[in-house]
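J.: Build me a model:
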Amino acid sequence: MDNFIANNPTSLHFGKGVIETIGKTVKPFGSKVLLVYGKGSVKKSGLYDRIIAQLNEAGATIFEFDGIQPNPLVGDVDKAATIGRENKVDYILAVGGGSVIDSAKIISITIPVEHTAWDFYEYKAKPLTAVPLVAVLTLAATGTEMNPFAVLQNPVTGRKDGYGSPLCFPVHSFLDPEVTYTVPADYTAYGIADLIAHCFENYFGKGDCSLSDRFITAIIADAMEWGPKLMNNLHGYDERAAIMYDATMALNLMTSHGKSGGDWGVHGMGHILSLLHGVAHGASLSILFPAWMKLLNERAGKQIAKLGTDLFGNPDVDATIAKFEEFFTQIGSPVHLSQVGIGEDKFEEIIRLMIRNKAEGSNYKLSEADYRKIMEFAK
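T.: This next block holds a predicted model:
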């Protein structure tokens, strides 16, 4: 088992009606808030009005930044940070899914400085302080609500990268499963694929920690039980609650203890599909992970066999991979590049950017030849 430090300072508010307690929770932070959200779905659902009512109750002066995109841009983060800096906001309230909350995390460490947020991603600067962040989650998928990581896209450099700092943990996160009723079927499926992929990434990390592996397999098993139920009943509270809790636990650091933080090669490759072709993050992972496992049959065969034994009672590697492909297909998440409109004519460009962005993983290092085999398996 590898050494680790366990620390998670986020207070999680989970269940029906927790949003009605936001006002009293944020009031001690001060009177000026930067409200960050996406393209307007929070207004259509009525959640925006509920949030504004809570902030008014707390006597807050509200500054807004809307329009965060599904693949969030560093330029938007810099613009929002400027608003926060010029108005000397006391805290940030992020209302949305992973893209909004990820953006808000980097906004929180960019407000106190004068340089672009991308300087953190290039390690030209290290954050020394952050504006407190409160999150309201609207999409169960990334686990960002209880971890210190954030992914941003920079079109100028042609990169989509992750960054993490202890200063980026939300102070409070509010998770009401009813808020996710409006998430459409496709993005519900992608969220389920995403949370399972987070489990995979930690499972295949360095280090041998049986308890962390048991946490991982329990979360995957729970998601595979509740996922199909949710797809058949998108307004089911118990179904939404189960998947929401699974997604949080999959990436709140609990599953990475003793595993050296995981591998993350598949996520790196998935970011390239999103960057070049706008593929939804979870969809990129349900396509690439089975292909990655097929490639890693020889190098990681024992781990895949154990995963299959623990989840399906079958140590056969091919059967295990087939089970995951069947599951992703069952819930409506793609398992082939052709399903998202990517043909073989696009492979060379994708592979070039995988090499350039070093989407190689930290445990099972990937080479150019590996990328080519994965693309072939995924086509």
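J.: May I have the residues that are in contact with the residue nearest the centre of the chain?
T.: With distances taken as Cα atoms, centre = their mean, the residue of the chain nearest its centroid is Thr142 (2.4 Å). Going by Cβ atoms under 8 Å, 6 or more residues apart in numbering, Thr142 touches Gly97, Gly98, Ile101, Asp102, Gly191, Asp194, His198, Ala247, Leu251, His281. For glycine as for every other residue, the C-beta is placed from the backbone atoms N, C-alpha and C.
J.: Does the third one belong to a helix, a strand or coil?
T.: Translated: Ile101. Per DSSP: H, G, I helix; E, B strand; the rest coil, the secondary structure class of Ile101 is helix.
J.: Burial check on it, number of neighbours?
T.: Ile101 has 30 neighbouring residues, counting by other Cβ atoms under 10 Å.
J.: Make TSV out of the contacts of Thr142 and add distance to Glu325.
T.: Output for these, formatted as TSV (distance: Cβ to Cβ, whole Å):
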residue	distance to Glu325
Gly97	25
Gly98	24
Ile101	30
Asp102	28
Gly191	18
Asp194	16
His198	18
Ala247	21
Leu251	22
His281	18
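J.: Just the closest of those residues to His271, please.
T.: Comparing the contacts of Thr142 against His271 with Cβ to Cβ places His281 closest, at 7.9 Å.
J.: thought that closest one was touching Tyr190?
T.: Yes. Using Cβ atoms under 8 Å, His281 is in contact with Tyr190, at 6.9 Å.
J.: what sits in contact with each of those two?
T.: Common contacts of His281 and Tyr190 (Cβ under 8 Å, 6+ apart): Ala141.
J.: From Leu55, how far off is Ser367?
T.: 51 Å (Cβ to Cβ, to the nearest Å).
J.: okay, the contacts of Thr142 in CSV with distance to Tyr163, pLDDT and secondary structure next?
T.: Listed next are the contacts of Thr142 as CSV, based on distance: Cβ to Cβ, whole Å; pLDDT from 0 to 100; DSSP: H, G, I helix; E, B strand; the rest coil:
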residue, distance to Tyr163, pLDDT, secondary structure
Gly97, 18, 96, coil
Gly98, 14, 95, helix
Ile101, 14, 98, helix
Asp102, 9, 98, helix
Gly191, 22, 97, helix
Asp194, 18, 97, helix
His198, 17, 97, helix
Ala247, 20, 98, helix
Leu251, 15, 97, coil
His281, 16, 94, helix
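J.: quick one: which of those residues is nearest to Thr182?
T.: Gly97 (11.5 Å).
J.: Confirm for me that the closest one is in contact with Val136.
T.: No. With contact defined as Cβ under 8 Å, Gly97 does not count as touching Val136 (10.3 Å).
J.: Between those two, tell me which one has more neighbours.
T.: Val136 (29 against 24).
J.: contacting residues for that one?
T.: Contacts of Val136 (Cβ under 8 Å, 6+ apart): Ile19, Ile22, Leu47, Ile51, Leu93, Ala94, Val95, Gly96, Ser173, Phe174, Val179.
J.: Helix, strand, or coil at the fifth one?
T.: This means Leu93. strand.
J.: Can you name the residues that contact it?
T.: Counted by Cβ under 8 Å, 6+ apart, Leu93 has contacts Ile22, Val26, Val33, Leu34, Leu35, Val36, Ile51, Leu55, Val134, Ala135, Val136.
J.: Next, the last one: secondary structure please.
T.: Taking three-state DSSP as the rule, one finds Val136 in the strand state.
J.: Start the count at 196 instead of 1 going forward.
T.: Yes, from this point I'll number from 196; that puts the last item at Val331.
J.: Quick check: bridge partners of it?
T.: For Val331, the beta-bridge partners under DSSP bridges are Val290, Phe369.
J.: likewise the fifth one?
T.: Note on Leu230: beta-bridge partners Glu259, Leu288, judged by DSSP bridges.
J.: How many neighbouring residues does it have?
T.: 22.
J.: distance of it from Ala299?
T.: 10 Å.
J.: most distant residue from the middle of the chain?
T.: In the chain, counting by Cα atoms, centre = their mean, Gly254 sits farthest out from the average C-alpha position, at 32.2 Å.
J.: longest helix anywhere in this structure?
T.: helix 405-426 (DSSP state H).
J.: one step back: and for the residue farthest from the centre of the chain, nearest residue in space, chain neighbours not counted?
T.: Ser226 (6.2 Å; Cβ to Cβ, 6 or more residues apart in numbering).
J.: Mind jotting down where the helices sit in the stretch 396-545 of the chain?
T.: Applying DSSP state H, counting those that start in this stretch to the stretch 396-545 of the chain gives helices spanning 405-426, 432-445, 460-472, 476-490, 496-507, 512-526, 542-551.
J.: Now do the longest one: distance to the chain's middle.
T.: Computed by Cα atoms, centre = their mean, to the nearest Å, the chain-centroid distance of helix 405-426 equals 17 Å.
J.: do the same with the last one
T.: Between the mean C-alpha location of helix 542-551 and the chain-wide mean there is a distance of 23 Å, by Cα atoms, centre = their mean.
J.: quick one: which of the contacts of Val331 is nearest Ala416?
T.: Ser368 (24.4 Å).
J.: Now for the closest one, how many residues are close by?
T.: Ser368 has 24 nearby residues by other Cβ under 10 Å.
J.: pLDDT score assigned to it?
T.: pLDDT for Ser368: 98.
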